[in-house]
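Student: mind looking at a prediction? Sequence and model below.
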Amino acid sequence: MKKLRVGVIYGGRSGEHEVSVASAAAVMANLDRARYEPVPIRIDRDGRWALADKPPTAASASEVIEQTRSEMKPLRAGREVHLLPRPSEETILAIDRTHGRGDEEPRAIVTGVGIDVIFPVLHGPHGEDGTVQGLLELANVPYVGCGVLASSVGMDKALMKRVFGAAGLPQCAYDVVLRRRVLAEPEVVAGELMDHLGLPVFVKPANLGSSVGISKARTPEELVEALGLAADYDRKVVVEAAVPNAREIEVAVIGNDDPIASVPGEIMPSREFYDYEAKYLDGSSRLAIPADVPADMGARLQSLAVDAFRAIDGAGLSRVDFLVNARTGDVFVNEINTMPGFTTISMYSKLWAATGMTYPELVDRLVQLALERHAEKQQLRVSAF
């Protein structure tokens, strides 16, 4: 049987670059070599694409950071790569610019490489937000995960909340403010937010993941500072009323038109909330999988996770994050992540392991879902005649 060539795209121009590298290392290590031929495609921090000479190996974001520090410069080994924005048997063009003899000018040697399916293991802006998905749609190549619309809505927390509201999903109170207002009149904005939401609140950039740029504000002064930090990262800032006695519970979803949900899992962060350091660097946060919740609450969380996935027209995979008031049992949908952290120790893979799906089975299922969705799209008419 012919092996499927799987292009694994990773890295990217995002604050979640290191997480992406670690996620891609896990995907490539667990692709069944009897069925798949992995092709590592790296996007450097400056946006340059390369056909990597060797696949990534780091098991965690902290390990990627340590490797980068030890090298003292970004890894640039590999041929320059361009993905063709049109249907072609040569999905990517790999360019080697080092050929030449003696005093000759180096000659660029271009090689076309066909890819059967793309696994874009990209987190955050310029990858998880629909931008790369749009390029893959132009190339008419199958790819793992949500499409352009679901990816962009899933990344933009302000739009995500509007969509969830239209779908009738329970959410905590929130407001959205523009960066220009935050910079022009921070105290006025803070006062309006306190009048509406009270304190404490969580302040977030609308388009970022892995808790980058997120703060908890308990005082007016902290709120002004938090707004400024979030505005450093995005033109829109989302401010949410804090849920009292909050438990952070997550559910993984997989599927296309008939998605299913994993068992719920709970995060007990080492810090006050699950920020970037608690997620990836200090290693002290604890997970409870499955979460210690009553059976009826567990079933409701799973049902709401599928509802959230369908609300954004999700495909392939997502992780839905909830906040649960430990005293009242009230459940709030916090957000959906259309390409969650994907290492073997990430919450998404652990949730499926507890539900009965191993990591290699998970990767295989996602590739098959990508192929199924692409095959269905090829049946659609592209002309009125």
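Tutor: Alright, I've got the coordinates. Numbering: from 1, shown residues only.
Student: so which bits of stretch 168-181 are buried?
Tutor: Using 16 or more other Cβ atoms under 10 Å as the test for burial, stretch 168-181 gives 169, 171, 172, 174, 175, 177, 178, 179. For glycine as for every other residue, the C-beta is placed from the backbone atoms N, C-alpha and C.
Student: quick one: contacts for residue 128?
Tutor: Neighbour list for residue 128: 14, 122, 151, 154, 155, 209, 337, 338, 339 [criterion: Cβ atoms under 8 Å, 6 or more residues apart in numbering].
Student: buried set for the one helix or strand the fourth one maps to?
Tutor: Of the helices and strands defined by DSSP states H and E, residue 154 is found in helix 148-155. Going by neighbour count (16+ other Cβ under 10 Å), the buried part of helix 148-155 is 148, 150, 151, 152, 153, 154, 155.
Student: could you double-check that the fifth one lies in contact with residue 166?
Tutor: By that I understand residue 153. No: between residue 153 and residue 166 there is no contact under Cβ atoms under 8 Å: 11.2 Å.
Student: mind picking out the helix or strand in this protein with the poorest mean pLDDT?
Tutor: When each helix and strand of the chain is scored by mean pLDDT, DSSP states H and E, helix 276 comes last, with a mean of 53.
Student: what's around residue 32, how many residues?
Tutor: 14 (other Cβ atoms under 10 Å).
Student: contacting residues for it?
Tutor: By Cβ under 8 Å, 6+ apart, residue 32 lies in contact with 360, 364.
Student: before we move on, what about residue 5?
Tutor: 36, 37, 39, 113, 114, 115, 116, 117.
Student: in strands, which of those appear?
Tutor: Under the assignment DSSP state E, the contacts of residue 5 contribute 36, 37, 39, 113, 117 to strands.
Student: of the residues you listed, which is the most crowded?
Tutor: Neighbour counts for those (other Cβ under 10 Å) peak at residue 39, which has 24 neighbours.
Student: report pLDDT for it.
Tutor: pLDDT for residue 39: 96.
Student: state the distance from it to residue 50.
Tutor: Using Cβ to Cβ, to the nearest Å, residue 39 is found at 12 Å from residue 50.
Student: for residue 140, same thing?
Tutor: In terms of Cβ to Cβ, residue 140 sits 23 Å off from residue 50.
Student: who has more neighbours, those two?
Tutor: With other Cβ under 10 Å as the criterion, residue 140 and residue 50 differ in neighbour count, and residue 50 comes out ahead with 20 against 15.
Student: can you list the weak-confidence ranges in the chain?
Tutor: 65, 67-77, 99-106, 209-210, 271-284 (pLDDT under 70).
Student: how about the helices of it, start to end?
Tutor: Along the chain, the stretches classed as helices by DSSP state H are 17-30, 61-71, 131-139, 148-155, 157-166, 179-184, 186-197, 220-231, 276, 295-311, 347-355, 359-377.
Student: looking at those, which is closest to residue 251?
Tutor: Nearest to residue 251 among these is helix 295-311; the distance by Cβ to Cβ comes to 3.9 Å.
Student: buried residues of the closest one, list them for me.
Tutor: Quick answer for helix 295-311 (16+ other Cβ under 10 Å): 297, 298, 300, 301, 302, 304, 305, 306, 307, 308, 309, 311.
Student: picking that back up, to residue 256, which of the helices of the chain lies closest?
Tutor: Across the helices of the chain, residue 256 has its closest neighbour in helix 359-377 (5.3 Å, Cβ to Cβ).
Student: pull the number of nearby residues for the residue lying closest to residue 96 once chain neighbours are set aside.
Tutor: Nearest non-adjacent residue to residue 96, counting by Cβ to Cβ, 6 or more residues apart in numbering: residue 109, 4.5 Å away. Neighbourhood size, residue 109 [other Cβ under 10 Å]: 12.
Student: ok, back up a step: among the buried residues of helix 148-155, which one sits closest to residue 384?
Tutor: Checking the buried residues of helix 148-155 against residue 384 with Cβ to Cβ, the nearest one is residue 148 at 22.3 Å.
Student: distance of that closest one relative to residue 173?
Tutor: Distance of residue 148 to residue 173, given as Cβ to Cβ: 30 Å.
Student: surely residue 179 meets residue 228?
Tutor: No: with contact defined as Cβ under 8 Å, residue 179 does not count as touching residue 228 (9.7 Å).
Student: identify the bridge partners of residue 93.
Tutor: Under DSSP bridges, the beta-bridge partners of residue 93 are residue 82, residue 112.
Student: if you skip the residues just before and after it, what's nearest to residue 138?
Tutor: Spatial nearest neighbour of residue 138, chain neighbours left out: residue 85 (4.2 Å); criterion: Cβ to Cβ, 6+ apart.
Student: quick one, phi psi at that neighbour?
Tutor: Residue 85 adopts backbone torsions of phi -80, psi 40, taken as degrees, to the nearest 10.
Student: what is the burial count for it?
Tutor: Per other Cβ under 10 Å, the neighbour tally for residue 85 reads 13.
Student: might you report the residue contacts of it?
Tutor: 135, 138, 139.
Student: report the separation between residue 189 and residue 379.
Tutor: Counting by Cβ to Cβ, the gap from residue 189 to residue 379 is 50 Å.
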